[in-house]
Structure formats: C-alpha cells, structure tokens
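Chemist: build me a model from this:
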Amino acid sequence: MVHQTYIADVLVVGGGTGGTAAAIQAARRGVKTILVSQFPWLGGMLTSAGVSAPDGNELEAFQTGLWGAFLQELRQRQPGGLDNSWVSFFSYDPRIGAEIFADWVQELPNLHWISGQVPMEVYRQGDSITGVRFADFAVTAKIILDGTELGDLLALADIPYRWGWELQSEWGEASAPVTFNSLTQKYPVQAPTYVVIMQDFGESIAPEIPVAPNYNPSQFTGAWDGYGAETFLNYGRLPDGLFMMNWPICGNDYGEGVGRLIESDVSRSEFIQESRWHSQNFAHFIQKQLGSRYGLAKKVFPHAPTAFALHPYYRESRRLVGLTTVREQDILLIAKGRVASIFNDAIAVGNYANDHHYPGVQFPLQPKSIRWGGRWTGTPFTIPYSCLIPATTDGFLVCEKNISVSHIANGATRLQPVVMGIGQAAGMAAAICVELNCQPRDLPLRTLQTALLEDNRSKALILPLFNLPPNHSDWCYWQLYYLDNPQAYPVNGDCPDSAFDNALIQESTCFKGIFYRLEQQEYKFTVTAPAAYQGQSWQLVTLRSHIDKQLRAYPDEQLVTFWGRHNHSGNWLLVEHLNKG
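Modeler: So this is what the prediction gives:
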C-alpha cells in the first residue's frame, strides 16, 4: 500500500555506478532529485559489487568528469595510494569508495536518497513514464532514469529491450555468431561474478573457510597456472593485506542458468545465492591450496558475511532498444588510426578492450587493443546520447549497462568509468530537460554537450584526445572544434601539439637508471638509485601523453632520471616525469 507520494523533478532508480553519477549531476545542476537504491552503499560496481580495482579510462586525458573527481578523492583518502594491483592502476578499499559517494550525496540539500527499496510498478500516461511505486511509497517526476543493475524499469514499464545475443546478420558485427549455438544457449549474457574479499593474516591462522553447497574442487584446478600464486593474488591486491577475488580463469565467474536473473524474483535470488556459494568455494579452494594465512576479510561490507559484496558484479543487463544502438563497428579502430569513429551526438568516452566472460569458453573477438604508454590499452570510443533514449517512450532515460548496445559491444561499454560517464551525461540531460520543459529526445544536443564540457565541478570529456588533459587551457576549445568539424577529427587521437602540464604527482619518487627499448612501446628500466632498488629491472609505463611521446623517442641504453611510482604487484614504474642522464 502506498502511504506517501513524493514529487521530484528527476527520479533515479538504482544506486549503482551510473545511477549514483546521474543523481549527483542532476542535483548539482540545481533540480530537485530523488535517488532510490536497493543497497546501503552507493556506487554499484565500484563499491557495493566489490570491484574496487576498476578498468578503463586510465589515461590521464580520460580521467575527467565525476570519474576523474572520484579518482582524485581516492588519492586523497586512500592511505598508501592506489598502486596496489596489476589489473588496474587504481585499487582501493571499497569502504572508502562508498564514503566518497555518500559524502557527495550528503552535501546536496536538493538530493533525497532513499535506500533499501526496489521498484514494484511503473506509472504511465500514454507514451510517457510518470512515476514509480515502491513497497510503501511512490515517486512522480518529470524525468525518470533507470539506473538498476539489470534494467528492471525497462521490464516494469514494458519498454522494448534486448537480452542476449544478436546474430551477425543483425548488424554485420564480425564477432557475432552466424547462427545460435550451444554457447549462446548456455550463456545468453556474460557471466556475473560474486566478488569476495580475502585477507592475508600473516603469521596468524585465518578462520577456516567452510565449503558451500555444490563444492567441486576440479572447477578451480589450474586457476593460477602460468601466473604463480603471488602474481595471482596480486591481480586484485588492495591495501592492508586485502585481495579482491574477481578471477576469470577457473575462478569465480558464475553463469549456470544466468537467464534466471530476469525470470522472477525467486529465480534471481536462487542464482545470486548459488553465485555467492561458488565464490565461497573458490575462497575455500584458495585457502586449502595456498595456506591458512589466507582467509575471508573481516568487516568490509555492511552485512554478514562481511567479506562478500552486497550483490554480484553484473557484466550485462537488459539493454534498451533506443534511437541508436552502439555496435561492435562503433568501438573498433578507424583504418590506420588509434581511435574509433565518433558519434555526432557523443556524450561520454570509453577505452576498454572488448572483454567477454563465459566460464570455460574462449570467445574470440575482433582486436580492439592498442599499444600506448609502454603497455596495452583499449581503443577510445564514444557513447551517443541517442542510445540513452527509448525509441518510443518519453520521460525516460537509461544510465547504466542498460543503454542501447549490442551484446558484442557491451563487452567494452559495460566498464565502470564509461558507465559513470554515461550516468553523468544522463543526469545532466535530465536536469536540462526540466529546465527547458522538454522531452529527452527534443533536448538541444549542443546545450547538453556544452554543459558537460563546462560543468563547474566536474567537466566531462566528450571526444577522446590522447594529448590534451582536462586542465589544459585549450581543452574545451578543441572538444568543441571537433564536435563542429568531425571531418577534422584526427585518426591518431592527437590534436595539434600544445604545452604540457609537467606538474608532478605529489607521491612521485626520483629513480635513476638505464633505459632499455625492448620493442616499440615496450620499455625496461634497470635501477641504479635509490640504493634500496639497485639492480632491479622494471617495466616502464605511463598514463601521460607527453611522457609517452618522450619514451617513444628516447635512445636505447641511456642513463635517465625518472620521477614516478613503483608498483610492486605489476613490477612497473608509473612514470610522471623524466630527465635525460
């Protein structure tokens, strides 16, 4: 029974990565916003799902908007810094991430956050969505955003959506199957992972991890073959002896009957329970194989058992049928270039490699990775505003993994930083629709793009440019120039050279040694000073465009002085500045 009805300008349902960003951005724009979340932590993949070693948008020029602001807050709040794992350049205690989002919400008096609630019904008037009913209250709003992990509002509102695979005949995607087969039947969507945080108890003996139902150690045999135990643990190493277990090789990805996630509440609960048991069994296996010093972490997540995330890390959800659909072709390299083609209505940027998870299956995809900064990264691509808008419904936007995207392309668009950018753009769009009293499909595109570029708190990237960080004086000029002149957008992703900001990151340390060029975009550094590291050899990597340019031109076997940060887990030096000799 509805006991109260709230009235807002903007309603965001779901407190995940995209929904949280959308609500914060809409409220910062000044409109009355309500955010309703299922869980007591905001941030979704970045926090409550436990993926606190996020992938994508790692290059300095792509650390913009709320994503960049989140990284800056983490650097200030996480003792010991973010250089802990080798899967990510940013690994942190998920409790700190949750604190950041809670603080951002708390500082906004026009943002009302209600937790512990899930949507029960969607109100419609003709072709418009007007409100959402929860267990004992309802909210009506001018613009409603679906920020749920699995696109639940799409189903409740009978808005057309996709679930599962499309064939090659649908859009001509080279990686799509020609016919439906055993893989598409067994795994209609990518497998989620129920993240568990383990802890190194050192000389102490950790409490024994009990087996859960359906334990089968052969499922995990060979999980770290080819890596070694230490490298395996360092994959998702967090501060203070914690380890994020989100491991795809004979690990805790779980996809048995994954279609149950959208069949009913009961079947979804069954799948979630099984996936958590699977991760518990993986943790048990690790403890038995690697020793009793490794156990379940204590007091991480705000529920029992405290080592397990609040919900699975969902890689795929229901996907909107929107005005535009992002396809595999839209995220791949331009011929002889380093970037993908750009959408005229671009509102966000991603750069992660296309990555699909099907337990026990190697699924080949069109190559999307490029060498940059001494390492592999992903081709930068754009997200169009029109993939957030339903084809036939008004008053509604999506802001999560539920955008209009093909199953194949979802492997790149699902990553945390790009979803955060999608959320920020959706929240900005919703607020401007309220200001202009218009529908999302009628919103003047350049008004939205300019608002994102010029936001006074967290200006957000729209087009990828490797060599122009957001603090550069010409940043907004070149963004707008290429939006107005898309034919001039450079295929190498570099705008005309400008002066670079050589400011050091505060935690940088000086290292001296000999530079070795192994291959193009592969560098090694043998340390001569400080004495504590003398004789060690590290990989050299950078996230800064001007350092990338200097490394590409630096002569082999020369003395060099670097300032940067050593990452023990990755055995690399993250270079922030260099001097010859």
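Chemist: just the strands in the stretch 301-450 of the chain please.
Modeler: With DSSP state E, counting those that start in this stretch applied, the stretch 301-450 of the chain shows strands at 319-320, 346-350, 369-372, 375-378, 381-384, 396-398, listed in chain order.
Chemist: mind giving me the packing neighbours of the helix or strand encompassing Cys476?
Modeler: According to DSSP states H and E, Cys476 maps onto helix 475-484. For helix 475-484, the elements it packs on are helix 445-453, judged by 3 or more CB pairs under 8 Å, 6 or more residues apart in numbering; DSSP states H and E. Backbone N, C-alpha and C define where each C-beta goes, glycine included.
Chemist: now the angle between helix 475-484 and the helix it packs on, please.
Modeler: Using axes from the mean of the first three to the mean of the last three CA atoms, to 10 degrees, the direction of helix 445-453 lies 160 degrees away from that of helix 475-484.
Chemist: now helix 445-453 - C-alpha only, CSV.
Modeler: The C-alpha trace of helix 445-453 is given here as CSV (Å, rounded to 0.1, in the frame of the first residue of the first chain):
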residue,chain,number,x,y,z
LEU,A,445,22.3,18.4,-28.2
ARG,A,446,24.8,21.2,-28.1
THR,A,447,23.3,22.5,-24.9
LEU,A,448,23.9,19.2,-23.3
GLN,A,449,27.5,18.8,-24.7
THR,A,450,28.5,22.3,-23.7
ALA,A,451,27.1,21.8,-20.2
LEU,A,452,29.2,18.7,-19.7
LEU,A,453,32.3,20.3,-21.1
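Chemist: for that helix, buried residues please.
Modeler: Neighbour counts using 16 or more other CB atoms under 10 Å place Leu445, Leu448, Gln449, Thr450, Ala451, Leu452, Leu453 of helix 445-453 among the buried residues.
Chemist: let me know the closest of those to Thr221.
Modeler: Set against Thr221, the nearest of these by CB to CB is Leu452 (48.3 Å).
Chemist: check contacts around the residue nearest to that closest one when sequence neighbours are not counted.
Modeler: Leaving aside its sequence neighbours, Leu452 sits nearest to Ala460 (CB to CB, 6 or more residues apart in numbering; 4.4 Å). Listed by CB atoms under 8 Å, 6 or more residues apart in numbering, the contact set of Ala460 reads Thr64, Gly65, Leu66, Ala348, Gly421, Gln424, Ala425, Leu452, Leu453.
Chemist: report the buried members of the residues you listed.
Modeler: By neighbour count, with 16+ other CB under 10 Å, the contacts of Ala460 hold Thr64, Gly65, Leu66, Ala348, Gly421, Gln424, Ala425, Leu452, Leu453 as buried.
Chemist: got these as a markdown table, with distance to Ile432 and pLDDT columns?
Modeler: Listed next are the buried ones among the contacts of Ala460 as a markdown table, based on distance: CB to CB, whole Å; pLDDT from 0 to 100:
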| residue | distance to Ile432 | pLDDT |
| --- | --- | --- |
| Thr64 | 19 | 98 |
| Gly65 | 16 | 98 |
| Leu66 | 17 | 98 |
| Ala348 | 16 | 98 |
| Gly421 | 17 | 98 |
| Gln424 | 13 | 98 |
| Ala425 | 11 | 98 |
| Leu452 | 10 | 98 |
| Leu453 | 13 | 98 |
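Chemist: farthest pair in those?
Modeler: Farthest pair in the buried ones among the contacts of Ala460 (CB to CB) is Leu66 and Leu453. Separation: 13.9 Å.
Chemist: ok, the buried ones among the contacts of Ala460 vs Arg544, which is closest?
Modeler: Among those, and counting by CB to CB, the member closest to Arg544 is Thr64, at 14.4 Å.
Chemist: wait, that closest one sits on Pro470?
Modeler: Yes. Applying CB atoms under 8 Å as the test, Thr64 and Pro470 come out as touching, 4.6 Å apart.
Chemist: joint contacts of the two?
Modeler: Residues touching both Thr64 and Pro470 by CB under 8 Å, 6+ apart: Lys459, Leu461.
Chemist: returning to what we had before: quick check: the residue nearest to Leu452 is in a strand.
Modeler: No. Under the criterion used here (DSSP: H, G, I helix; E, B strand; the rest coil), Ala460 is coil, not part of a strand.
Chemist: look up how far Arg237 lies from Glu263.
Modeler: 37 Å (CB to CB, to the nearest Å).
Chemist: quick one, which of the two is more surrounded?
Modeler: The neighbour comparison of Glu263 against Arg237 (other CB atoms under 10 Å) goes to Arg237, with 24 against 12.
Chemist: how many other residues sit next to Gln521?
Modeler: The number of residues packed near Gln521 is 17, by other CB under 10 Å.
Chemist: pLDDT at the residue minimising distance to the centre of the chain, what is it?
Modeler: Nearest residue to the geometric centre of the chain (CA atoms, centre = their mean): Gln416, 1.1 Å. We have a pLDDT of 98 for Gln416.
Chemist: please verify my assumption that it contacts Ala49.
Modeler: No. Assessed by CB under 8 Å, Gln416 is found out of contact with Ala49, at 9.4 Å.
Chemist: I'd say Thr561 and Phe511 touch.
Modeler: Yes. Taking contacts as CB under 8 Å, Thr561 lies within contact range of Phe511: 7.3 Å.
Chemist: so the two - more neighbours on which side?
Modeler: Set Thr561 next to Phe511 and count neighbours by other CB under 10 Å: Phe511 wins out with 23 against 15.
Chemist: now the more buried one: phi and psi?
Modeler: Reported as degrees, to the nearest 10, the phi and psi values for Phe511 are phi -130, psi 140.
Chemist: shaky segments in the stretch 1-150 of the chain?
Modeler: Within the stretch 1-150 of the chain, the segments meeting pLDDT under 70 span 1.
Chemist: again, only this time at 80
Modeler: 1-2 (pLDDT under 80).
Chemist: show me where it has strands.
Modeler: With DSSP E, counting those that start in this stretch as the criterion, the stretch 1-150 of the chain has strands at 4-13, 33-36, 111-114, 121-125, 128-133, 137-146.
Chemist: quick one: residues in contact with the third one.
Modeler: Residues lying outside strand 111-114 but in contact with it, judged by CB under 8 Å, 6+ apart, are 6, 8, 15, 23-24, 26-27, 33-37, 42, 105, 134, 137.
Chemist: which one of the residues you listed sits closest to Gly116?
Modeler: Ser37 (7.8 Å).
Chemist: surely the closest one touches Val118?
Modeler: No. Applying CB under 8 Å as the test, Ser37 and Val118 come out as separate, 9.1 Å apart.
Chemist: for Ala391, see how far away Thr193 is.
Modeler: 32 Å.
Chemist: looking at this, Glu170 is in a helix?
Modeler: Yes. Glu170 sits within a helix when classified using three-state DSSP.
Chemist: name the nearest residue to it, ignoring sequence neighbours.
Modeler: Spatial nearest neighbour of Glu170, excluding adjacent residues (CB to CB, 6+ apart): Ala176 at 7.0 Å.
Chemist: do you know how far that neighbour is from Thr413?
Modeler: To Thr413, Ala176 is 15 Å away according to CB to CB.
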